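Asks: coords please:
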Amino acid sequence: MHFQWYPGHMTKAKRMMRENMKLIDLVIELVDARIPLSSRNPDIDELGKGKARLVLLNKSDLAEEHMNNAWVEFFREKGFVAVKVNSKKGNGLKQIQGAIQEACREKTERDRKRGILNRPVRAMVVGIPNVGKSTFINALAGKACAKTGNKPGVTKGKQWIRLNKQVELLDTPGILWPKFEDQKVGLRLAFIGSIKDEILNTEELALEFIKFMGGEYPGVLEEKYQIPSWGDCFETLRGIAESRHCLVRGNELDTEKAASLLLDDFRNGRLGRITLEKLDNND
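Replies: Take a look at the predicted model:
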């Protein structure tokens with residue numbers, strides 16, 4: 001499968017992000033804990049040069065805990081402040097204020113020396129589509145001040161949100177980068193739903209996912225769907241279709257419906273905690 005998705009509004013979003021960067025003290029970058037590197041836009045490092053950085057491993061409840069801890073350590077070694085969060089349930093949000101202060105310690109110290117006291121930290125929240133930025137902002141602010149949706153591309157323009165006396169947030173639309181150099185990155189993004197399903201072949205994507213699961217999490221699909229272990233991806237998909245009564249007219253197995261069901265089960269954590277991107281493959 002070949003992955004590319006860069007709608008026109010993303011070029012505009014990147015330009016807007018660059019223009020607003022001079023107003024910002026801190027870049028808060030959300031990544032998906034299941035694919036912490038593949039869900040980072042490499043443009044952000046270039047755009048956020050010289051700014052304090054905070055990386056949030058969102059949806060950490062869907063990834064393996066020992067891998068979450070390893071990734072937090074990985075980012076800290078790179079000089080970022082890093083925190084595991086689950087924006088939907090609120091886990092980790094109590095640590096955010098402290099993490100912001102830690103990330104902005106130098107800026108606060110500079111302000112103090114210049115006699116500037118109590119100026120709020122201005123932070124930009126960034127991340128690729130569907131990584132959970134709006135849900136995070138709403139959870140942090142305690143009210144629905146950023147539009148949320150479980151489809152990529154819901155946030156279209158910028159908005160400032162005052163969290164408290166110490167912090168103001170600038171929400172931005174999610175941006176992917178124009179070209180994936182590594183198609184594995186595109187595949188992982190497609191698995192988690194950051195690339196619109198409408199432009200993908202769902203069956204092919206599901207077969208790739210079954211292949212991954214067979215190698216990294218053997219037995220999980222067989223146990224979940226109560227199917228034999230065939231060792232053949234398409235037979236496994238047919239088995240899932242049969243197990244979940246995915247049928248078309250004439251009692252034929254509907255493998256496309258089974259593919260959607262499988263990906264949905266993964267994305268919502270119904271297959272257990274799964275990390276798609278392991279540290280030992282990315283160092």
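Asks: which elements pack onto the particular helix or strand that has residue 191 in it?
Replies: In the assignment (DSSP states H and E), residue 191 maps to helix 183-192. Applying 3 or more CB pairs under 8 Å, 6 or more residues apart in numbering; DSSP states H and E, one finds that helix 183-192 contacts helix 202-216, helix 255-267. From N, CA and C alone the C-beta is placed, and that goes for glycine too.
Asks: so which of the ones you listed is nearest residue 126?
Replies: Closest to residue 126 of the helices and strands packed on helix 183-192, according to CB to CB: helix 255-267, at 21.7 Å.
Asks: so which bits of the closest one are buried?
Replies: 255, 256, 257, 258, 259, 260, 261, 262, 263, 265, 266, 267 (16 or more other CB atoms under 10 Å).
Asks: please name every helix or strand in contact with that helix.
Replies: Where contact means 3+ CB pairs under 8 Å, 6+ apart, helix 255-267 is packed against helix 183-192, helix 202-216, helix 233-243.
Asks: and the angle from the first one to helix 255-267?
Replies: Pointing back at helix 183-192 there. Between helix 183-192 and helix 255-267, the angle comes out at 90 degrees (axes from the mean of the first three to the mean of the last three CA atoms, to 10 degrees).
Asks: kindly report the same for the second one.
Replies: Helix 202-216 and helix 255-267 meet at an angle of 50 degrees, taking the same axes, to 10 degrees as the criterion.
Asks: what's the following helix or strand after helix 202-216?
Replies: helix 220-225.
Asks: for stretch 22-38, buried residues please.
Replies: Within stretch 22-38, the residues that count as buried by 16+ other CB under 10 Å are 24-38.
Asks: excluding chain neighbours, what is closest to residue 254?
Replies: Ranked by CB to CB, 6 or more residues apart in numbering and with sequence neighbours excluded, the top spatial neighbour of residue 254 is residue 246, at 4.2 Å.
Asks: residues in contact with the one you found?
Replies: By CB atoms under 8 Å, 6 or more residues apart in numbering, the contact list for residue 246 reads 240, 253, 254, 255, 257, 258, 261.
Asks: so how far is residue 225 from the first one?
Replies: Distance of residue 240 to residue 225, computed by CB to CB, to the nearest Å: 5 Å.
Asks: neighbour count: those two, which is higher?
Replies: residue 240 (26 against 19; other CB atoms under 10 Å).
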